[in-house]
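Trainee: Model the structure of this input:
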Amino acid sequence: MEFALAAANHLQPVADALVYINTSKVHPFWFPFPWAPTLHAARVSMIFHTNARRSPAQLSWGTHIIGYLIMCWGGSLLSHFLLGLPPPMLYSFDPSITYISVHLFITSIFYLFPDLLYAPVMDTILWPLDALLRTNAVTATLGLLYLPGVHAEYQNSPLTHMIIGAIASAGGGLSAATLGSWTPNWSLSTPPVLRPGAGWSGTLDVWGGALVALIYSSTTGHPAFSSLRRYVTLILSSPYLSMAWKPHADSDFPPLSTLQAKSLATAVLGIFFAARVVNTHWLIPVNVVVPSTSGSGVKKSSKKKAEKMQ
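Mentor: As a prediction, the model looks like this:
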C-alpha cells in the first residue's frame, strides 16, 4: 500500500484526465454527451474500420452498424447479464445516439481521407487514450458490484472482480472477433485469445483488464482482497526483504481513493499497452534461415502480428 500511495501521488495529470472525460460534455447543446463514451465510440470505430478493410467483400450498412455496436457494447452487455442487471443500451436511447452518430462521423472522415486510417501510427499516438478508456470502463463496471441487486457472493469474491475486469476490457473485441462482425458473413470461430500464437500481447486485453480490477479493488481496500493485502505485507516484512527496506504496516496507510486507484491502474496498464504497440508495430522481425533441399536457405519471419481487439 505504501508503494501504491507513493505512485498515485505522482499521477495527478492522469486523475485530471479521468475526471474530465467523465464529467465534461462534448458540447452542452449540439452533443450533450460525456467525453468518455464519445472517445470510446471513436476509438472502436477506428479499429473496426481497420479490420473491415481486410474484408474480401463490402459490408452492408446493417452489418456495418450492428457489427460495430457488438464491438462497442459486447463487454458491457456480458457484464450486466452476468450480474443480473439491465444494460443501459436496452432501456436508454443515449448509448445508441452517441455511438452510432460518432461512428457515422468517423466513417465519413475515412471515406473522404482514407489514408488517415493507418493502424501503426494511430496505435502509437493513441495508446495513452486506450489505457485511459480501458481502465475507465473496467472501474465503472466494477462499480456495478455495489448495486443492491447484485449477489453478495459476487461482491465479496476476488475472482468475480477479476472476471468482470476481463469481460469489461475485452468482451467487445472478443465478441466481434469471434463472430467476425467486420465481415459480410458472420460465423462462430475460436476466440483470438485461444488461437495459437496469441502470446502476451494478443491476450493483453483479457489479463490486462483483470489486472486493472486487481489493482483497483485491492488498493481501495475492498474486503474481497483483504487476504491479498495481508499476504503482501507478510512478504514485504520477511527477513530477506526487511534488511534492505523496512516496510510500514498496511494499517499505517489508508486505502487509496477511487480516483487515485484508477490513476494507478491506468499507469500500469499504459505501460503494457505501450509495450504492445512497440512489439506489434515497430520491432524488426527476426529472420531465421530454414534449411532447404535445394541447398539455399529460405528466410521466414518469426514474428507474427497479434490480432487487434478493443
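
Trainee: can you give me the helices in the stretch 151-300 of the chain?
Mentor: 152-155, 158-179, 199-202, 204-219, 226-236, 239-242, 258-277 (DSSP state H, counting those that start in this stretch).

Trainee: how about these, which one is nearest Trp35?
Mentor: helix 258-277 (15.2 Å; CB to CB). Every residue, glycine included, has its C-beta placed from N, CA and C.

Trainee: Buried residues in that closest one, which are they?
Mentor: Within helix 258-277, the residues that count as buried by 16 or more other CB atoms under 10 Å are 259-270, 272-273, 276-277.

Trainee: now the angle between helix 158-179 and it, please.
Mentor: 40 degrees (axes from the mean of the first three to the mean of the last three CA atoms, to 10 degrees).

Trainee: what packs against helix 258-277?
Mentor: Counting contacts by 3 or more CB pairs under 8 Å, 6 or more residues apart in numbering; DSSP states H and E, helix 258-277 is packed against helix 2-8, helix 12-23, helix 119-142, helix 204-219.

Trainee: measure stretch 137-147 end to end?
Mentor: Start-to-end span of stretch 137-147 (CA to CA, to the nearest Å) is 17 Å.

Trainee: can you list contacts of it?
Mentor: Stretch 137-147 has contacts (CB atoms under 8 Å, 6 or more residues apart in numbering) with 40, 75-76, 79-80, 83, 85, 150, 154-155, 160-161, 164-165, 167-169, 209, 212-213, 216-217, 258, 261-262, 265.

Trainee: Could you list the buried residues of it?
Mentor: Across stretch 137-147, burial judged by 16+ other CB under 10 Å covers Ala137, Val138, Thr139, Thr141, Leu142, Leu144, Leu145.

Trainee: Now distance to Phe113 too, for these, in a markdown table please.
Mentor: Converted to a markdown table, the buried residues of stretch 137-147 look like this (distance: CB to CB, whole Å):
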| residue | distance to Phe113 |
| --- | --- |
| Ala137 | 28 |
| Val138 | 33 |
| Thr139 | 34 |
| Thr141 | 34 |
| Leu142 | 38 |
| Leu144 | 39 |
| Leu145 | 43 |
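
Trainee: Flag the shaky bits of this protein, pLDDT-wise.
Mentor: Within the chain, the stretches with pLDDT under 70 are 1-8, 233-253, 284-310.

Trainee: okay, the helices of the stretch 151-300 of the chain in a markdown table with distance to Phe113 next?
Mentor: Listed next are the helices of the stretch 151-300 of the chain as a markdown table, based on distance: least, CB to CB, whole Å:
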| stretch | distance to Phe113 |
| --- | --- |
| helix 152-155 | 46 |
| helix 158-179 | 24 |
| helix 199-202 | 29 |
| helix 204-219 | 28 |
| helix 226-236 | 49 |
| helix 239-242 | 55 |
| helix 258-277 | 23 |
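
Trainee: For Pro120, find the nearest of the ones you listed.
Mentor: Ranking the helices of the stretch 151-300 of the chain by proximity to Pro120 (CB to CB) places helix 258-277 first, at 8.2 Å.

Trainee: Between helix 119-142 and the closest one, find me the angle.
Mentor: Relative orientation of helix 258-277 versus helix 119-142 (the same axes, to 10 degrees): 150 degrees.

Trainee: May I have helix 258-277 exported as CSV, CA atoms only?
Mentor: Written as CSV, here are the backbone C-alpha positions of helix 258-277 (Å, rounded to 0.1, in the frame of the first residue of the first chain):
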residue,chain,number,x,y,z
THR,A,258,-11.2,5.6,-6.1
LEU,A,259,-9.6,8.3,-8.3
GLN,A,260,-6.1,7.5,-7.0
ALA,A,261,-6.7,3.8,-7.6
LYS,A,262,-8.0,4.5,-11.2
SER,A,263,-4.9,6.6,-11.9
LEU,A,264,-2.5,3.9,-10.7
ALA,A,265,-4.3,1.2,-12.7
THR,A,266,-4.2,3.4,-15.8
ALA,A,267,-0.5,4.0,-15.5
VAL,A,268,0.2,0.3,-15.1
LEU,A,269,-2.0,-0.7,-18.0
GLY,A,270,-0.5,2.1,-20.1
ILE,A,271,3.0,0.5,-19.7
PHE,A,272,1.8,-2.7,-21.1
PHE,A,273,-0.2,-1.0,-23.9
ALA,A,274,2.9,0.9,-24.9
ALA,A,275,5.0,-2.3,-24.9
ARG,A,276,2.3,-4.0,-27.1
VAL,A,277,2.5,-1.1,-29.6
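
Trainee: So what touches that helix?
Mentor: Applying CB under 8 Å, 6+ apart, the contact partners of helix 258-277 are 4-5, 7-9, 11-12, 14-15, 18-19, 123-124, 127-128, 130-132, 134-136, 138-139, 201, 204, 208, 211-212, 215-216, 219-220, 256, 306.

Trainee: Pull out the buried members of those.
Mentor: Buried members of the contacts of helix 258-277, scored by 16+ other CB under 10 Å, are 4-5, 7-8, 11, 14-15, 18, 123, 127, 130-132, 134-136, 138-139, 201, 204, 208, 211-212, 215-216, 219-220, 256, 306.
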